[in-house]
Structure formats: structure tokens, C-alpha cells
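**Q** Below are the sequence and a predicted model; questions follow.
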Amino acid sequence: MKKEKEAAIKALRKDGRVRKLLTEIPKELSEKFTFSLRDLAKRHNISYGKTSKLIERLYRNKVLVIKAIPNYHVLGLKPIFLIVKPEIENWLDKAFKMTYFKFGSWIYGNGKYALITLIPPLDKIKNHLSYVEANIGKIKEYHILNRLLPAAPNLDYLFEAKTPWNKLPMREAREVLYRIVFDKIDIESLSRLEQDGLTKITDLARDLKINRKTLEYRLRTRVR
């Protein structure tokens, strides 16, 4: 497995055209929810066979992963980051009981502080903060994310000694003036795409027992 990874990274490092092609895949996915590797390879004057083998190797070895980002603003959800001082050992179990819990982990302070990420609707924020204070521990600070700043991928930066975060081009997500009521199908489809953005829409629609065109329409407004 290690040799496979090293070989994949070496191939990626060697050909700048392949790196550029790979950075176009997220763009294609965000616009069409599908992409033609054959068309991309032709556009960049690269062998389709070579490209497909490399992408398969990168994907199999988890060297590069593409994940979907839910359009939180359209869904009426507010990402919140909390720094908490847990007062119980099983605090993560308590956190998982929150409907809009996203992530939790120890961070700094020699195991004294934890990071908890929540994504509740605006009218549920106070309820979640009160639950944390009552069942997990004192909230040291919390921040509500008002802007979404996704980074545009640039694989050339992978090969620098340290990731130059200050060089990553950021783009501010367009503010929306409308909200969409979401349901169980939205939650399940977004959950799958957050784990693997290359999940085929046809497969996802079949698993969720929904028409593919209907699912595509939903995702165009709910995913970035």
C-alpha cells in the first residue's frame, strides 16, 4: 500500500497537466454533478488510459479525496465552532445525541479542551448551546460562521515543504436570499456526498429510491 501511494504521488508530481486536469474535476462536479474524464483528458492533451489509471490509483489509495460541501446558507443552517472544557469522560457520547452535531475532538490544553462543531438552524442555536453547558461542560468560546470561503484547489502546492495557506486562492460563496426546506432524502444524499464526492448520482438515486433527475435538481441548490 505504501509503495502504491508513493508511486501515485510520484506520477502526480511529474506531470503538471495531470494536476491541472484533477483540479478541474471539482469544478465540473459543482456545475454538472458529473464529469467526463475522456473529455477532460482530450482537453489537456493527455492519454485517457494514463489518466484513468492514475486517478483510479489516487482514489484507491486515498491520496486525493473529493468531498461535497452542503450549501448551509440555503438550507438555513449555521455552522458553529465551540471550544469547550468537558467535565465528563464520555462527553463525545453526549455530543452525538445532538441532532445537528457535526464533529468533536480534543484539541489543546493537555486534554482540557475540546472542539465541537454544530450546524443547527438559527432558531435552534440557543438550545444546542444550553445542552452543551448542561451536559458536557463550560463553553470557553464559540463562533458562528457567517461566510463560506471555499479554497480553490491547487495541487502544485502539495509538493512544497509546507502548505502555503496564505497562497491558497479563496472565493467567498455568494450570499443567498432564500431558504429551502430540507428532508430526510436531502440529509442522506448530502451525508453520502460529504464522504465521497465522486459517488455516482445514478447509484445514489437508486439507493435512495428517488428519480435521478429529481435528485440532481435537489443537489444543484443544496451542494457546493
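**A** That came through, no problem. Quantities reported herein were computed from a predicted structural model and do not represent experimental measurements. Numbers count the residues shown, from 1 in each chain.

**Q** any chance you could map the strands in this structure?
**A** Under the criterion DSSP state E, the chain contains strands at 80-86, 101-106, 114-118, 137-144.

**Q** quick one: stretch 122-140 to chain centroid distance?
**A** 25 Å (Cα atoms, centre = their mean, to the nearest Å).

**Q** Would you mind finding the most buried of the strands of the chain?
**A** Among these, ranked by average contacts under mean count of other Cβ atoms under 10 Å, first place goes to strand 114-118 (a mean of 21). (Glycine included, C-beta is placed from N, CA and C.)

**Q** domains for this structure, by residue range?
**A** Taking automatic domain parsing as the criterion, the chain consists of the domains 2-60, 79-144, 155-222.

**Q** Adding distance to residue 70, write those domains out as JSON lines.
**A** JSON lines is the format used below for these (distance: least, Cβ to Cβ, whole Å):
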{"stretch": "domain 2-60", "distance to residue 70": "13"}
{"stretch": "domain 79-144", "distance to residue 70": "8"}
{"stretch": "domain 155-222", "distance to residue 70": "5"}
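
**Q** which parts of the lowest-mean-pLDDT helix or strand in the chain are buried?
**A** The helix or strand of the chain with the lowest confidence, counting by mean pLDDT, DSSP states H and E, is helix 2-14 at a mean of 75. Within helix 2-14, the residues scored as buried using 16 or more other Cβ atoms under 10 Å are 8-9, 11-12.

**Q** where does the protein have low pLDDT?
**A** Judged by pLDDT under 70, the chain has its weakly predicted residues at 1-2, 33, 109-110, 148-151, 158-160, 163, 171-178, 224.

**Q** Helices of this structure, residue ranges please.
**A** Here the chain has its helices, by DSSP state H, at 2-14, 16-32, 37-43, 48-60, 72-75, 91-96, 125-135, 184-195, 201-208, 212-222.

**Q** Identify, out of the ones you listed, the most deeply packed stretch.
**A** Of those, helix 72-75 is the most buried (mean count of other Cβ under 10 Å), at a mean of 19.

**Q** Going by contacts, tell me the helices and strands next to that one.
**A** helix 212-222 (3 or more Cβ pairs under 8 Å, 6 or more residues apart in numbering; DSSP states H and E).

**Q** one more time with 10 Å, if that's ok
**A** helix 184-195, helix 212-222 (3 or more Cβ pairs under 10 Å, 6 or more residues apart in numbering; DSSP states H and E).

**Q** out of these, nearest to residue 31?
**A** Distance to residue 31, taken as Cβ to Cβ, is lowest for helix 212-222 among these, at 9.1 Å.

**Q** and of the domains of the chain, who's closest to residue 66?
**A** Going by Cβ to Cβ, the one of the domains of the chain nearest residue 66 is domain 155-222, 3.9 Å.

**Q** chain center to stretch 18-34: distance?
**A** That offset, for stretch 18-34, works out to 15 Å (Cα atoms, centre = their mean).

**Q** no, scratch that, I was asking about stretch 3-21
**A** That offset, for stretch 3-21, works out to 23 Å (Cα atoms, centre = their mean).

**Q** I'd like to know the beta-bridge partner residues of residue 86.
**A** For residue 86, the beta-bridge partners are residue 137 (DSSP bridges).

**Q** thinking again about what came up before, now the helices and strands packed on helix 72-75 as a markdown table including distance to residue 97?
**A** A markdown table is the format used below for the helices and strands packed on helix 72-75 (distance: least, Cβ to Cβ, whole Å):
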| stretch | distance to residue 97 |
| --- | --- |
| helix 184-195 | 17 |
| helix 212-222 | 25 |
